[in-house]
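# For reference, the sequence and a predicted model appear below.
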Amino acid sequence: MNDDDLLGLVRDRMNRARDDLGSVRMEQPVSAVLHRAGRRRLQHRLYGAAAGAGTLAVALAVGLGTADPGAGAGTATATGTRTAAGTRTVHVNLDAWSVNTGADGSVTITVRQLLDKAALEKALATAGIPAVVIFGGSCLSEDFGRASYPSRKLFGEPRTWVKDLAIGHFLTLYPAGIPSGDDVVIEIRYGADGKVSGPTFGFRLALLPQGTALSCPDSAKLGTVR
Amino acid sequence: MRKWDVEQLQLEFTDFYTANRDNCLRIVLLSARDRQLAEDLVAEAFARAWASWRKVRVHPAPIAWVVRTALNTNVSWWRRRRGEVPLSSGVDWAAPSADPGLDDGLVAAVAALPARQREVLVLRVFFDLDMATTASLLGIAPGTVGSHLHKALTALRTRTPSFSGMGE
């Protein structure tokens, strides 16, 4: 059997295999694709502007480092958007926190002060992580997996999107592993001494469908600049 | 650009997307073998198509352009994701087919091909593109297309149980 014959045979069988997938349908509406393209365009503009300014790190620090207006407390809504699977390499290093893309595509967030929540969310979005950041309090209950939120892949389940969540001031995530349509909720809690340190300081993570409303106690400082 | 132009282009793209999205997804799924990943790849490829729609709309094989972009994106995403534990595919590949073990074996063998060989094979198999068009789409020489195709078929002949024993 020569290559042409074999190619014909492969064509017949692959087409049959494709036809067997007749029940598989693309669920995303065209509006989602257009929206995705719009986000790509914005990213390119941001990236181009950063390159023109000299370095991406400097540009992002200037462009994103706006002070959070201070949202008090009450409710937050998961509305962050996902970038094109983390195609941006981001290096933002401010006094308060850093967001850096690693060689393997992972993104490491290091926190030194709970400041500029909005800028942190923007930096994460640019790095491919659609995130809702919560400073200093908890909107995720201890029994979150059984709570009213439609949570997925939380504690105890395989979390391919988390590379490193150690005790300390940093966590590392894989943007490409975050399911499309989900936001990462990142809670960063103060330590017992009220500082970004100590045994109770740390992160709590969850994936939530975008648009999920979070009920937060008044103690949660949703982006309040300290 | 006039608003009318943009609206016309968007309508045109919407028709293109609606008519071809399922077919593209099924083709990409045969390579990616992960339902969620395949849908994400196809959505990304269509988003790129819309971003370059003035170019893609006059392409000799726009659907092939989308599939090729999705497969290419898969390579770059895979490079970033290697080391992760794969999630469940969401597709029951073990489900018995009318031809048990035959097509699944072939699909697995195609999925295991090197990226470029798989791209060439997919374009030749599903879109019946000739060598010149395939070469143009991939940005390589026609002779290189032939070489990749020959290597792909040789690999399939060796690795697919139903093809073993079929000599050249």
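Done, it's in.

# Stretch B:53-63 and chain A in contact?
No - counting by C-beta under 8 Å from any C-beta of the partner chain, chain A is not contacted by stretch B:53-63; separation bottoms out at 9.0 Å. In short, each C-beta sits where N, CA and C put it, glycine included.

# Start and end of that stretch, how far apart?
Stretch B:53-63 has an end-to-end distance of 12 Å (C-alpha to C-alpha, to the nearest Å).

# average model confidence for that stretch?
If you average the pLDDT over stretch B:53-63, you get 91.

# Of all the residues in it, which ones are buried?
Under the neighbour-count criterion of 16 or more other C-beta atoms under 10 Å in any protein chain shown, stretch B:53-63 has B:53, B:56, B:59, B:61-63 buried.

# From those residues, pick the one nearest chain A.
Within the buried residues of stretch B:53-63, distances to chain A taken as C-beta to the nearest C-beta reach their minimum at residue B:53, with 9.0 Å.

# Just confirm that closest one contacts residue B:13, I think it does.
Yes - using C-beta atoms under 8 Å, residue B:53 is in contact with residue B:13, at 5.5 Å.

# Low-confidence ranges, chain A, go.
When the per-residue scores of chain A are filtered using pLDDT under 70, the ranges that remain are A:42-88, A:137-138, A:140-161, A:163-169, A:190-202, A:217-226.

# Can you show me the helices along chain A?
When assigned using DSSP state H, the helices of chain A occupy the ranges A:3-20, A:30-53, A:56-64, A:117-126.

# can the first one be found next to chain B?
The reference is to helix A:3-20. Yes - part of helix A:3-20 sits near chain B under the criterion C-beta under 8 Å from any C-beta, namely A:3, A:6-7, A:9-11, A:13-18, A:20.

# Identify each buried residue in that helix, please.
Residues of helix A:3-20 classed as buried under the neighbour-count rule (16+ other C-beta under 10 Å) are A:3, A:6-7, A:9-10, A:13-14, A:17-18, A:20.

# Which pair of those spans the longest distance?
Greatest spacing in the buried residues of helix A:3-20, by C-beta to C-beta: A:3 and A:20 (25.3 Å).

# Can you check which helix is longest in chain B?
helix B:3-32.

# What residues of the helix or strand just after that one count as buried?
Later in the chain than helix B:3-32, the nearest helix or strand by DSSP states H and E is helix B:35-51. In terms of neighbour count (16+ other C-beta under 10 Å), helix B:35-51 has its buried residues at B:35, B:37-51.

# With stretch A:107-118 instead?
Residues of stretch A:107-118 classed as buried under the neighbour-count rule (16+ other C-beta under 10 Å) are A:107-109, A:111, A:114-118.

# Check the residues you listed against chain B and report the nearest one.
Minimum distance to chain B across the buried residues of stretch A:107-118 is 10.8 Å, recorded for residue A:107 (C-beta to the nearest C-beta).

# thought that closest one was touching residue A:176?
No - taking C-beta under 8 Å as the contact criterion, residue A:107 and residue A:176 are not neighbours in contact, 10.2 Å apart.

# ok, which pair from the buried residues of stretch A:107-118 is furthest apart?
A:108 and A:118 (19.9 Å).

# give me phi/psi at the closest residue to chain B within chain A?
Across chain A, the shortest distance to chain B (C-beta to the nearest C-beta) belongs to residue A:105, at 3.2 Å. Summarising the backbone geometry of residue A:105 under the convention degrees, to the nearest 10, its torsions are phi 90, psi -10.

# Equivalent analysis for residue A:90, please.
Note on residue A:90: its backbone torsions stand at phi -120, psi 140 [degrees, to the nearest 10].
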